[in-house]
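J.: could you work out the structure for the sequence below:
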Amino acid sequence: QVQLVEPGGGLVQPGGSLRLSCAASGFTFSSYWMYWVRPAPGKGLTWVSTIDTAGGRGYYADSVKGRFTIARDNAKNTVYLQMNSLKPEDTAVYYCKTDLWTGRRWYGYWGQGTQVTVSS
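T.: Residues are numbered from 1 along each chain as shown. Sure, this is the predicted structure:
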């Protein structure tokens, strides 16, 4: 059974930092890219960041580039999102996600989401 569990999140002041984590189980974590997404007002879920299987390369939305860093620890089956210089507009529920090959098609799996609130 595939599970993505996201503890953490919380309230932070503008300019502050927060690290999200997502613990994966039920699949070969090291074989799949991992993603972080969040909802945008009026736009549905929007992509935040992606990391490749080895953790050697991260990709970022323009809105978070230079402030967020994605990382993974394949030994711990965990992906992280380090968020620095947080802004009120970063307030959202953050979801980790992966797409797994079922043998016939790709299927998306989501964490339960964790709330991040940036406010003074």
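J.: next structured bit after the strand ranked longest in the chain?
T.: Longest strand of the chain, by residue count under DSSP state E: strand 92-101. Counting by DSSP states H and E, the next helix or strand C-terminal to strand 92-101 is strand 106-110.
J.: and the most far-flung residue of the chain relative to its centre, what pLDDT?
T.: Ranked by distance from the centre of the chain (CA atoms, centre = their mean), the top residue is R104, with 25.8 Å. Confidence at R104, expressed as pLDDT, is 91.
J.: if I look at it, how far off is I70?
T.: 29 Å (CB to CB, to the nearest Å). C-betas here are computed from N, CA, C, even on glycine.
J.: and the closest residue to L45 other than its chain neighbours, how far from T50?
T.: Nearest in space to L45, with sequence neighbours left out and distances taken as CB to CB, 6 or more residues apart in numbering, is V37 at 4.8 Å. From V37 across to T50, the span is 10 Å (CB to CB).
J.: now V2
T.: 18 Å.
J.: so who does the residue most central in space within the chain touch?
T.: For the chain, W36 is the residue whose C-alpha lies nearest the centre (CA atoms, centre = their mean; 2.6 Å). Taking CB atoms under 8 Å, 6 or more residues apart in numbering, we find W36 in contact with L20, C22, V48, S49, T50, I70, V79, L81, Y94, Y95, C96, K97.
J.: using PDB, write out every CA atom in the longest strand of the chain.
T.: In PDB, the C-alpha atoms belonging to strand 92-101 read as follows (Å, rounded to 0.1, in the frame of the first residue of the first chain):
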ATOM      1  CA  ALA A  92      -1.100  27.000   1.500                       C
ATOM      2  CA  VAL A  93      -1.600  23.300   2.100                       C
ATOM      3  CA  TYR A  94       1.500  21.600   0.700                       C
ATOM      4  CA  TYR A  95       1.200  18.100  -0.800                       C
ATOM      5  CA  CYS A  96       3.900  15.700  -1.700                       C
ATOM      6  CA  LYS A  97       3.200  13.600  -4.800                       C
ATOM      7  CA  THR A  98       4.600  10.900  -6.900                       C
ATOM      8  CA  ASP A  99       3.600   9.100 -10.100                       C
ATOM      9  CA  LEU A 100       4.000   5.400 -10.100                       C
ATOM     10  CA  TRP A 101       4.100   3.100 -13.100                       C
END
